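# All I have is the shape, not the residue letters:
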């Protein structure tokens, strides 16, 4: 299903010809990362994890991406660009911020369809210090700039506990209506299911109160695996062009050395009916599984336009962050 949907899509209308204007590979701080046989490292230590991942362009043996880092302290990196080229180590460049607004604790990243160089990124709320907030960000010339921000609907009573810890946000353009639809989720915790909501998204809105409309009631989701303690039922999600929901689940024992485990699922379908989004989650179909022997905590998912592959990104705490180009259609 993923393959069929992606072959007809491309990446948000972005081609390699536009990547120079939309993703920065000049003027930043270049950090060539050592490649491994499978997973490729794109960040070191606790501040180098990948908490969100978006594809800017892909083709001719090269994938240009933007990654989010869930850092909180002044001076720590929030966004980086990563170039993946066949036969070469990843090239990582950290983005600078323009303006006074620098988001904290970014837990997701997605490209805005039809708006090259524009992304949504979600702050989880920094342990209850402020409401989970969505940011519209422009990436250009080595710099990221916040264009707008809006509190996440349904978080008016946010207190920062596990039931309202948000780690996933995706944007989907419905082919039939042309509407942009947002899907987001709490990560859940053990016996507490993730809660998934959708809404129509207005990325060109001029005020925070007009960014979202037609917000739906939450839909519960529990991952069938991992089954160990400290399970995060949804650590990230993306929506394929046909509306297929692709999500990751992860186990984090709250030890910075792991061991971690992860799985990726097809978990349902997003549609738009009479201008309103509708989400149906079904028994998930497992795409990939990584056990504690792999010691990977997937917190970022991105779908590639060839229909056969996706990118997984990890936040492996002490071990930094890595990405893997993996098959989704065997």
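Cool, the structure landed. As the structure is a prediction and not an experimental result, all values here were calculated from the model.
# Confidence-wise, which helix or strand of the chain is lowest on average?
Sorting the helices and strands of the chain by mean pLDDT, DSSP states H and E puts helix 19-22 at the bottom, at a mean of 37.
# Could you list the buried residues of stretch 241-259?
By neighbour count on 16 or more other Cβ atoms under 10 Å, the buried set for stretch 241-259 is 241-252, 258-259. For the C-beta atoms, the positions are set from N, CA and C on the backbone; glycine is no exception.
# actually stretch 185-192, not the one I typed
Quick answer for stretch 185-192 (16+ other Cβ under 10 Å): 185, 186, 187, 188, 189, 192.
# so where's the stretch 1-150 of the chain uncertain?
1-37, 126-127 (pLDDT under 70).
# what's the burial count for residue 176?
Around residue 176 there are 8 other residues, counting by other Cβ atoms under 10 Å.
# how about the helices of the stretch 101-250 of the chain, start to end?
Remark: helices of the stretch 101-250 of the chain are absent; assignment by DSSP state H, counting those that start in this stretch.
# In strands, which of the buried residues of stretch 241-259 appear?
Counted as lying in strands by DSSP state E, out of these, are 244, 245, 246, 247, 248, 249, 250, 251.
# and the two most separated of those residues?
The span of those, defined through Cβ to Cβ, is set by 244 and 251 at 24.0 Å.
# on that earlier part again, dump the buried residues of stretch 241-259 to JSON lines, plus pLDDT and distance to residue 220.
Shown next, in JSON lines, are the buried residues of stretch 241-259 (pLDDT from 0 to 100; distance: Cβ to Cβ, whole Å):
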{"residue": "241", "pLDDT": "93", "distance to residue 220": "25"}
{"residue": "242", "pLDDT": "94", "distance to residue 220": "23"}
{"residue": "243", "pLDDT": "96", "distance to residue 220": "19"}
{"residue": "244", "pLDDT": "96", "distance to residue 220": "19"}
{"residue": "245", "pLDDT": "98", "distance to residue 220": "14"}
{"residue": "246", "pLDDT": "97", "distance to residue 220": "18"}
{"residue": "247", "pLDDT": "98", "distance to residue 220": "13"}
{"residue": "248", "pLDDT": "98", "distance to residue 220": "17"}
{"residue": "249", "pLDDT": "98", "distance to residue 220": "14"}
{"residue": "250", "pLDDT": "97", "distance to residue 220": "18"}
{"residue": "251", "pLDDT": "96", "distance to residue 220": "19"}
{"residue": "252", "pLDDT": "92", "distance to residue 220": "21"}
{"residue": "258", "pLDDT": "92", "distance to residue 220": "28"}
{"residue": "259", "pLDDT": "95", "distance to residue 220": "28"}
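# For the closest residue in space to residue 217 that isn't next to it in sequence, give its distance to residue 110.
Closest residue in space to residue 217, ignoring its immediate chain neighbours: residue 197 at 7.4 Å, by Cβ to Cβ, 6 or more residues apart in numbering. Noted for residue 197: a distance of 15 Å to residue 110, by Cβ to Cβ, to the nearest Å.
# Comparing those two, which residue is more hemmed in?
Taking neighbours as other Cβ under 10 Å, residue 197 and residue 110 compare with residue 110 leading, 29 against 20.
# Return the set of residues that bridge with that one.
Beta bridges link residue 110 to residue 120, judged by DSSP bridges.
# Show the pLDDT at residue 195.
Residue 195 carries a pLDDT value of 95.
# So in terms of bridging, what pairs with it?
residue 220.
# Tell me which residues touch it, please.
For residue 195, the contacting residues are 163, 185, 186, 188, 218, 219, 220, 221, by Cβ atoms under 8 Å, 6 or more residues apart in numbering.
# Apply 7 Å and report the result again.
185, 186, 218, 220 (Cβ atoms under 7 Å, 6 or more residues apart in numbering).
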